[in-house]
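Chemist: Make a model of this:
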Amino acid sequence: MSITHFKNTAHMTLDASSPVAVPLGTPVAVTSVTCVECHDGVETGIWACTPGRWRRQIVQQEFCHFIQGRCTFTPDDGETLTIEAGDALMLPANSTGIWDIQETVRKTYVLIL
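Modeler: This is a model prediction of the structure:
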């Protein structure tokens, strides 16, 4: 058995940065990510995003735990969720909607591919 230890995730340097795919106005949010594990239909990692509004495009089921920041997520078929550091979400597959990042967020995530 191999154990993956996410150490000091609040300060870990992330690998790749890019603007969000579907921005909604300015500023255009920039995401950064480091994939820690990816195998057997599961991807885990650390993700960050600067302030801005954009449309969620991920089709996989996702569990995420927010380490820093403040934002909202408004699902296409639901009410706005206010999310702060310490909160966790389980997003069903194909859950689309609008992210509005007010303060740079950082989260650990698990995608079920």
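
Chemist: For the nearest residue to residue 86 once chain neighbours are set aside, list each beta-bridge partner.
Modeler: Excluding its sequence neighbours, the residue lying closest to residue 86 (C-beta to C-beta, 6 or more residues apart in numbering) is residue 66, at 6.7 Å. Using the backbone N, CA and C atoms, a C-beta is placed for each residue, glycine as well. Counting by DSSP bridges, residue 66 is bridged to residue 107.

Chemist: Go ahead and confirm residue 66 touches residue 106.
Modeler: Yes - in terms of C-beta atoms under 8 Å, residue 66 counts as a neighbour of residue 106; the distance is 7.4 Å.

Chemist: quick one: contacts for residue 59?
Modeler: Contacts for residue 59 were tallied using C-beta atoms under 8 Å, 6 or more residues apart in numbering; they are 93, 94.

Chemist: Tell me which residues of the helix or strand hosting residue 104 come out buried.
Modeler: Element membership of residue 104 [criterion: DSSP states H and E] is strand 97-112. Applying a neighbour-count criterion of 16 or more other C-beta atoms under 10 Å, the buried positions in strand 97-112 are 97-101, 104-111.

Chemist: Stretch 3-11 now?
Modeler: In terms of neighbour count (16+ other C-beta under 10 Å), stretch 3-11 has its buried residues at residue 9.

Chemist: Return the distance of that stretch from the chain's centre.
Modeler: Here the centre of mass of C-alpha atoms in stretch 3-11, compared against the chain's by C-alpha atoms, centre = their mean, to the nearest Å, lies 16 Å away.

Chemist: go on, stretch 42-62?
Modeler: Distance, stretch centre to chain centre, for stretch 42-62: 3 Å (C-alpha atoms, centre = their mean).

Chemist: Name the nearest of the buried residues of strand 97-112 relative to residue 83.
Modeler: Of all the buried residues of strand 97-112, the one with the least separation from residue 83 (C-beta to C-beta) is residue 105, at 7.7 Å.

Chemist: Quick check: that closest one touching residue 70?
Modeler: Yes - taking contacts as C-beta under 8 Å, residue 105 lies within contact range of residue 70: 7.1 Å.

Chemist: Good, we can wrap up now.
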